[in-house]
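Colleague: Okay, structure incoming, though there's no sequence with it:
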């Protein structure tokens, strides 16, 4: 039995849902069984602050069963949740014998989703709950891998190169996953030890990957150079010509940082984050590809329609400004009984502008939003 603090996997405990694993004391004694309901947010917070533990072996077994590919009818969103659970264990145990093969499995899964479920993949990135600071480090890696998978496909990269890039995205921050969560929750100036950990994390990740047996030069260079900048000025080595894969990874990294709310700073809506990235990157071709792939209103973006309805984009349309959306509130601000599909290419349902999160008075269920029964 290998015990880890429950805070490390706290993002997978949800109010109103059953526990996905047993909860134990410091000696391994079972306190709460897997499957027991977490009735409220107060109960969830109490668990996270109680100083209890989870058996990593139990969590790993549960995660692997959820990702073995045997349930082909399992919907995308359930599989996405299962992948998060699996990675929460995997990325904290790079010394495990099967670490590298399992990371490659996860990368392959994301690449497959980028082809088959592109809109859903963008949706979960855009709609991520950034108030869950404890999972920021893990979520950032997973989202970077998802964005990298989508962009490398648009760019027509070879399957081998896509695998190297997405693998690098999943592993670029191996040594600072939990530090990132702590920093996201409090913000402020970095203490010297924290600054040092940030500065050395590319080299540390490369060392851990080599120790795990990785000999993929493109993967390793992407990890080593993902904070380097063309012309110099990046770190840790100030390279003037970082690898192409590293440049794509750096831009995905920056885009996701703009989306996130951290340390009291609000994140940007996805369209504004993409525009800001394009400007900051001086119209770099990779930044242009990201803007084109996401469109003006990517899946997950809240919009107000010409009809006065509040809707959420669920699919990209024929043009960047005409997404397929699901209306969730009427013009008076009342919740609709079920999402109603709208095509914003039609004038009566055209996008009038972005809608602020404060206008949303309903809980968005991706299962409902992508349910084909709710057609206009």
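Modeller: That came through, no problem. These figures come from a predicted structure and were not determined experimentally. Numbers count the residues shown, from 1 in each chain.
Colleague: separation between residue 335 and residue 226?
Modeller: The spacing between residue 335 and residue 226, counted by C-beta to C-beta, to the nearest Å, is 42 Å. For the C-beta atoms, the positions are set from N, CA and C on the backbone; glycine is no exception.
Colleague: Those two: which has the busier surroundings?
Modeller: With neighbours defined as other C-beta atoms under 10 Å, residue 335 and residue 226 compare such that residue 226 has more, 27 against 13.
Colleague: so where's the stretch 1-150 of the chain shaky on pLDDT?
Modeller: For the stretch 1-150 of the chain, residues meeting the criterion pLDDT under 70 lie at 11, 59-74.
Colleague: tell me the secondary structure for the residue positioned nearest the centre of the chain?
Modeller: For the chain, residue 143 is the residue whose C-alpha lies nearest the centre (C-alpha atoms, centre = their mean; 2.9 Å). What DSSP: H, G, I helix; E, B strand; the rest coil gives for residue 143 is helix.
Colleague: Assign a three-state SS to the closest residue to residue 40 other than its chain neighbours, would you?
Modeller: Among residues not flanking residue 40 along the chain, residue 15 sits closest, at 5.5 Å (C-beta to C-beta, 6 or more residues apart in numbering). When states are read from three-state DSSP, the local structure at residue 15 comes out as coil.
Colleague: could you pull out the strands for this protein?
Modeller: For the chain, applying DSSP state E gives strands covering 3-5, 17-18, 23-24, 30-32, 37-38, 53-55, 302-305, 310-315, 324-329, 335-343, 351-354.
Colleague: Among the ones you listed, show me which one is buried the most.
Modeller: strand 310-315 (a mean of 25; mean count of other C-beta atoms under 10 Å).
Colleague: now that strand: how far from the chain's centre is it?
Modeller: Offset of strand 310-315 from its chain centre (C-alpha atoms, centre = their mean, to the nearest Å): 19 Å.
Colleague: and it, which strands flank it?
Modeller: Neighbouring strands of strand 310-315 in its sheet, by DSSP bridges, are strand 302-305 (antiparallel), strand 324-329 (antiparallel).
Colleague: returning to that earlier point: got CSV for the strands of the chain, with distance to residue 278 too?
Modeller: Shown next, in CSV, are the strands of the chain (distance: least, C-beta to C-beta, whole Å):
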stretch, distance to residue 278
strand 3-5, 40
strand 17-18, 39
strand 23-24, 46
strand 30-32, 48
strand 37-38, 42
strand 53-55, 42
strand 302-305, 20
strand 310-315, 19
strand 324-329, 24
strand 335-343, 27
strand 351-354, 17
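Colleague: and of the ones you listed, who's closest to residue 121?
Modeller: With C-beta to C-beta as the measure, strand 310-315 is the member of the strands of the chain nearest residue 121 (11.8 Å).
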